[in-house]
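Peer 1: give me the fold of what follows.
(2 chains)
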Amino acid sequence: MNNVDMLVTGVGGQGVILASDMIGEVALAAGCDVKKTDTLGMAQRGGSVISNVRIGRKVWSPLIRDGGVDILVAFEKLEAARWVDYLRPGAVAIVNNYALPPLSVNLGDERYPSDEEIAGILRQRADRIYFINGTESAKKLGNVRTLNMYMLGCASLLLAFDVQTWKDCMSRRIRANVLQMNTAAFDLGRKEGLDVDIR
Amino acid sequence: MGAYHAGVRVAAAYPGTPSTEILESIARFEDVYAEWSTNEKVAMEVALGAAYAGVRSLVSLKHVGLNVAMDPFMAASTTGVNAGMVVISADDPGIHSSQNEQDNRHYVRLAKVPLLEPSNSQEAYDLMAYAFDMSEEFDTPVLVRSTTRISHSKSVVDASRRRVLAAAQVGFPRNERKYVMLPGHARLRRPLIEERLVKLAAHAEGSPLNRIEWGERSLGIVTSGIAYQYAREVFPKASFLKLGMTYPLAKELVRHFASQVDRMIVIEELDPFLQENIEALGIKVSGKEFIPRIGELNPSVVEEGALNAGLLAGTAPRQKTHAGSKLPRRPPLLCPGCPHTGIFFVLSGVGNRLKLPGAKDRSLRKSTLTITGDIGCYTLATYPPLSAMDTTACMGASIGQALGMKKAGVDNKVVAVIGDSTFLHSGITPLVDAVYNQGRITVVILDNGTTAMTGHQDHPGTGVSAQGKETEAVHLEQLVRGMGIGDVRVVDAFDMKALRSAVRSSLDSAALSVIIVRGECAVHVPRRSAPRIVDTEKCDQCGTCLLLGCPAIQTENGQVYIDATLCVGDYCTICQQICPRQAIGPTVEE
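Peer 2: Residues are numbered from 1 along each chain as shown, chains lettered A, B, ... in the order given. Below you'll find the model as predicted:
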């Protein structure tokens, strides 16, 4: 497979790190070289989180060059727009249609951008932008924490790995008592991703 | 894993990003003794004692942790080690999670010890066995330096080696001239250290860690650590001298490489450490002229530097949109249900720092309270709306700084705020100092029962060891009272009334006072119950609850609401206690 540089972004506590770890493990199981690295703020919760995942035959740097990201998977809308300069022209963006306003917005000091503004910012680099309702769907499944597996289901449509490799990885990494719910989230993400024509 | 396979039997550390995971990983092995030490100096001493006793030992710490541990590190260099001793320093270029940026490679010149630098996870694994062998062969501690992007990245590793334990018996070979550093003995050790450096320099010339990768001879790049990966990516055709052992420098190897290439450059992160050592050989070389010495490198930064220096043909990098930098920032916050929120709300209120949404800015300079801070999650209380911290320097500094301010004669009341783990790390000695020198300050110890910021490690106050065993717990109030402090209050972190009264009484106290604010870290709260809800009939949008900075409290179209998935409920209830209209209460199950 060709080299793929992915950026997975979101807010602390959304499950970004586990999701990007699993992308790396699936790629490794499929015989690729992989490097991944995470950048998160100093606290555990509530800050911006960004994961670089690089897949290819030989990967040098774990960090992706500015303007080099092929696929952006954003768990939150503002965290999609924030990293636009990392995308290459023609990149693909999968964006969870969900807003978590930062404190400065709640205090009225700053304004959360509108959907049009976010799409406009992303369109400066990305060719295809898919907004999906991951949080809503994960809630319907019974636990909003399955959002990360839902997002992986969507992202899996853009990566040339079999569904079984993903499932094997999930059964290794996810505790047995919540595995079924997470697998369901992955499947739903894959289905709803197809519905909006992610490819 | 590398250290485990290299036969480490004793490992000691104090948590610190990005080094914490090293001890956490090795603590899982039952045939290794692993401990969280009270601080890095103690960790270094524990490891040194183990090495003296014939056992391979490991210390891991973050860059500033080595500052704390420098005294025993210098001693280790002077006495030598007997069995292998390796110190891993995890530097943090770019200051992702630290109070400063420093290049710990400089320390090896001071301590006259060898320095190894891995450039990926596989090398980090392989290096450990090499480092321990080197430590024993040359009777020296070895510094292994990693950086954030090595420490916090994952790549494919073959870790199939087996654990090899030394055949030698455990036991301390008594030898005063080597281990008791009286001036006379230290003078005997001194020339041995210089001889050791000469031998190490000869070793570096033939070390497999230093290798040349020939490409085109027009450009030769000397590099080490993560910078090697960036350089390989940006210059696919150049020749490389990749150094894994960066001190002492393999001088002849560098001379040979320089003679074979038309132009030689150095690509390294942070200071021009390699560059200056190479320039000292009289070799013409450049690097920091176009590669920044501040902050973390990445392929884009290296590429931009190379373009500016004319090393790469091509156009300038693509124009940035800068759209991201105009968006609202998302700094990390104290969690919903954080036991630190209440006390900072009180301190901020007493110090006249709170500002209601839309109200005019009050100058913090007019506050009647000065709050010296320390290092932990609670440093986040610096940000508005709490704005409740005035200084943060280094581990344990809050108490000494508070005392210094008071002795300097400031009019304000001075409060030092320090976490439980930080207090045990390096807050005890300054508090003893404040007792001895009669400092009229208030010390607030935030006791959340864990080392939260680095990922919830145990510490001497928790009663659980790094390997999950039950142990003696140090009781903070007994410790503090034992120092001779009479005015000690222990307060529930979620009882606003009690917090307010404790702060008022302590500030009015004529003597040194201590408040221990106790409440378990919110991340540890097992069950969340009855999230709070805002009664929109009663709420008049005054904004008081927003001043807590609780992530669960949000606004939509001017109306405050509480995100039920974030609120921890009955466990906290701080917002309910401070609401002037009693408009916040529990959700009732229907």
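
Peer 1: from now on I want contacts and neighbour counts done on CA atoms only, so please keep to that.
Peer 2: Noted.

Peer 1: give the contact list for B:V32.
Peer 2: Residues near B:V32 by Cα atoms under 8 Å, 6 or more residues apart in numbering or on different chains: B:4, B:8-11, B:26.

Peer 1: ok, B:E556 next?
Peer 2: Applying Cα under 8 Å, 6+ apart to B:E556 gives the contacts A:N106.

Peer 1: and the gap between it and A:F161?
Peer 2: 41 Å (Cα to Cα, to the nearest Å).

Peer 1: also B:Q576?
Peer 2: Counting by Cα to Cα, the gap from B:Q576 to A:F161 is 50 Å.

Peer 1: please apply the same query to B:G349.
Peer 2: 56 Å.

Peer 1: for the stretch 101-250 of chain B, which residue gets nearest to chain A?
Peer 2: For the stretch 101-250 of chain B and chain A, the shortest gap (Cα to the nearest Cα) falls at B:S153, measuring 4.1 Å.

Peer 1: apart from its neighbours in sequence, what residue is nearest that residue?
Peer 2: The spatially closest residue to B:S153, leaving aside those adjacent along the chain, is A:T37, at 4.1 Å (Cα to Cα, 6 or more residues apart in numbering or on different chains).

Peer 1: which SSE is immediately downstream of the one helix or strand that neighbour maps to?
Peer 2: Assigned by DSSP states H and E, A:T37 falls within strand A:33-40. Going down the chain from strand A:33-40, the next helix or strand is strand A:48-56, by DSSP H and E.

Peer 1: which strands and helices lie in contact with the lowest-mean-pLDDT helix or strand in chain B?
Peer 2: Lowest by mean pLDDT, DSSP states H and E among the helices and strands of chain B is helix B:2-5, with a mean of 83. Judged by 3 or more Cα pairs under 8 Å, 6 or more residues apart in numbering or on different chains; DSSP states H and E, the packing partners of helix B:2-5 are helix B:121-138.

Peer 1: now do the phi/psi pair for B:L116.
Peer 2: Backbone torsions of B:L116, given as degrees, to the nearest 10, read phi -120, psi 140.

Peer 1: ok, back up a step: using pLDDT, spot the least trustworthy of the contacts of B:V32.
Peer 2: Across the set of the contacts of B:V32, B:Y4 stands lowest in pLDDT, at 87.

Peer 1: show the contacting residues for it.
Peer 2: By Cα under 8 Å, 6+ apart, B:Y4 lies in contact with B:26, B:32, B:163.

Peer 1: tally of neighbours for residue 30?
Peer 2: Looking at chain A here, since you left the chain open. Using other Cα atoms under 10 Å in any protein chain shown, A:A30 has 14 other residues around it.

Peer 1: should've been chain B
Peer 2: As a burial measure, B:E30 scores 10 neighbours (other Cα under 10 Å).

Peer 1: near chain B, anything from the helix-or-strand element of chain A with minimal mean pLDDT?
Peer 2: Scoring the helices and strands of chain A by mean pLDDT, DSSP H and E places helix A:103-106 at the bottom, with a mean of 85. Yes: Helix A:103-106 comes into contact with chain B (Cα under 8 Å from any Cα of the partner chain), by way of A:103-106.

Peer 1: phi, psi of B:W36?
Peer 2: According to degrees, to the nearest 10, B:W36 has phi -80, psi 120.

Peer 1: repeat that for B:G468.
Peer 2: phi 80, psi 10.

Peer 1: can you check A:A126 too?
Peer 2: phi -80, psi 140.

Peer 1: count of neighbours near A:G12?
Peer 2: For A:G12, using other Cα under 10 Å, the count is 19.

Peer 1: how far away is it from chain B?
Peer 2: 8 Å (Cα to the nearest Cα, to the nearest Å).

Peer 1: that residue and A:S48 touch, don't they?
Peer 2: Yes: if you go by Cα atoms under 8 Å, A:G12 and A:S48 touch, sitting 6.2 Å apart.

Peer 1: one step back: check what contacts the least confident helix or strand of chain A and list those residues.
Peer 2: Residues from elsewhere that reach helix A:103-106 (Cα under 8 Å, 6+ apart): A:110-112, B:328-330, B:546, B:549, B:551, B:554-556.

Peer 1: what bits of the stretch 51-200 of chain B have low per-residue confidence?
Peer 2: Scanning the stretch 51-200 of chain B for pLDDT under 70 picks out the ranges B:167-168.

Peer 1: hang on, the earlier thing: the strand holding A:T37 pairs with which strands, and in what direction?
Peer 2: strand A:48-56 (antiparallel), strand B:153-155 (antiparallel) (DSSP bridges).

Peer 1: how far is the first one from where the chain is centred?
Peer 2: From the chain centre to the centre of strand A:48-56 is a distance of 9 Å (Cα atoms, centre = their mean, to the nearest Å).

Peer 1: what does the shortest one give?
Peer 2: Here the centre of mass of C-alpha atoms in strand B:153-155, compared against the chain's by Cα atoms, centre = their mean, lies 20 Å away.

Peer 1: ok, residue 87 - contacts?
Peer 2: Picked chain A for this. A:66-72, A:125-126.

Peer 1: that was the other one, I meant chain B.
Peer 2: B:58-61, B:141-144.

Peer 1: against B:Q559, how distant is it?
Peer 2: According to Cα to Cα, B:V87 stands 54 Å off from B:Q559.

Peer 1: same check, this time on B:L356
Peer 2: For B:L356, the distance to B:Q559 - Cα to Cα - is 15 Å.

Peer 1: neighbour-wise, which of those two wins?
Peer 2: For B:L356 versus B:Q559, neighbours defined as other Cα under 10 Å are more numerous around B:L356 (16 against 13).

Peer 1: checking that one next. Helix, strand or coil?
Peer 2: coil (DSSP: H, G, I helix; E, B strand; the rest coil).

Peer 1: nearest residue to the middle of chain A?
Peer 2: Geometric centre of chain A, nearest residue: A:V73, 3.0 Å, by Cα atoms, centre = their mean.

Peer 1: enumerate every residue touching the residue lying closest to B:Y33 once chain neighbours are set aside.
Peer 2: Leaving aside its chain neighbours, B:Y33 sits nearest to B:V10 (4.8 Å; criterion: Cα to Cα, 6+ apart). Applying Cα under 8 Å, 6+ apart to B:V10 gives the contacts B:32-34, B:47, B:50, B:55-58.
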